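# after the sequence you'll find the predicted model.
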Amino acid sequence: MFGGQSFEYIVPGGDRTLADLVLEDPLLKDYARLPRLAYLDVPDPRSAVLRKAAVDACAVRIQVTDPA
């Protein structure tokens, strides 16, 4: 479906109910089995917003704390 690409996880976003319904489609069963990261807040599905959401999904948070 996605040109032979492999995926490690999916990152749903936007309307949670709709995203869950989409992933229930039998054609997406292989993707629905993948681990899901936290839902992204996608208030407006414009191209720039979706690109930023993809960048955010790939970002890593690092918290540095000094030892006591």
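Structure received.
# lowest average confidence, helix or strand, in the chain?
Least confident helix or strand of the chain, by mean pLDDT, DSSP states H and E, is helix 47-58 with a mean of 84.
# for this structure, give me the ranges with low pLDDT.
1 (pLDDT under 70).
# repeat that with 90
1-16, 18-20, 28-31, 37-63, 67-68 (pLDDT under 90).
# center of it - which residue?
V11 (1.1 Å; C-alpha atoms, centre = their mean).
# any idea how far it lies from L50?
11 Å (C-beta to C-beta, to the nearest Å). C-beta: built from backbone N, CA, C; applies to glycine.
# what's the burial count for A32?
15 (other C-beta atoms under 10 Å).
# so who does it touch?
23-24 (C-beta atoms under 8 Å, 6 or more residues apart in numbering).
# try 10 Å this time
Contacts of A32 were listed using C-beta atoms under 10 Å, 6 or more residues apart in numbering, and they are 10, 20, 22-26.
# distance from the least confident helix or strand of the chain to the middle of the chain?
10 Å (C-alpha atoms, centre = their mean, to the nearest Å).
# again with stretch 27-34
On C-alpha atoms, centre = their mean, the centre of stretch 27-34 falls 13 Å from the chain's centre.
# so how far does it reach from one end to the other?
End-to-end distance of stretch 27-34: 14 Å, with C-alpha to C-alpha, to the nearest Å as the criterion.
# thank you, goodbye.
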